[in-house]
Each structure stands twice: as C-alpha cells, then as structure tokens.
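Chemist: Quick one, fold the following:
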Amino acid sequence: MCKAVVESGDNKMAEGVNDGITYLMIFPYLLVGILLYSLYRYNKKLQK
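Modeler: The predicted structure is shown next:
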C-alpha cells in the first residue's frame, strides 16, 4: 500500500503515510528509553 501511494503521485497522501510511520516508530524507542532510565535509577538507588 505504501508503495502504491508513493507511486500514484499524491504528495499529501505520501507525506501522511510517512508521518504515520514515523509516529509508530517513536513509541518503541520511548518505551525502551523509559525502561533503561528506570533500571538506571533503580540500580542507583540500590547502591546507596
């Protein structure tokens, strides 16, 4: 579907698809970052 939208020449639709993909890619990175930060704080708290 993504390839068909880009090949059709509809720039607004292609930009929307790209924005959606970017939006979906952000969440896994945020979740991993939050998890690592939580582990860091937990380990730091244990060392005290």
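Chemist: so after the helix or strand harbouring E7, what's the next helix or strand?
Modeler: E7 belongs to helix 2-8 when assigned by DSSP states H and E. Per DSSP H and E, the first helix or strand lying C-terminal to helix 2-8 is helix 11-47.
Chemist: And that following helix, what's buried?
Modeler: Within helix 11-47, the residues that count as buried by 16 or more other Cβ atoms under 10 Å are V17. (Each C-beta comes from the backbone N, C-alpha and C, glycine too.)
Chemist: change the start of the numbering to 37 and stick with it
Modeler: Sure, I'll start counting at 37 from here, so that last one is helix 47-83.
Chemist: Which strands or helices does that helix pack on?
Modeler: For helix 47-83, the packing partners by 3 or more Cβ pairs under 8 Å, 6 or more residues apart in numbering; DSSP states H and E come out as helix 38-44.
Chemist: Measure how far the helix it packs on is from the centre of its chain, please.
Modeler: How far helix 38-44 lies from its chain's middle: 22 Å, per Cα atoms, centre = their mean, to the nearest Å.
Chemist: Let's test this: mean pLDDT of that helix, rounded?
Modeler: Taken as a whole, helix 38-44 has a mean pLDDT of 71.
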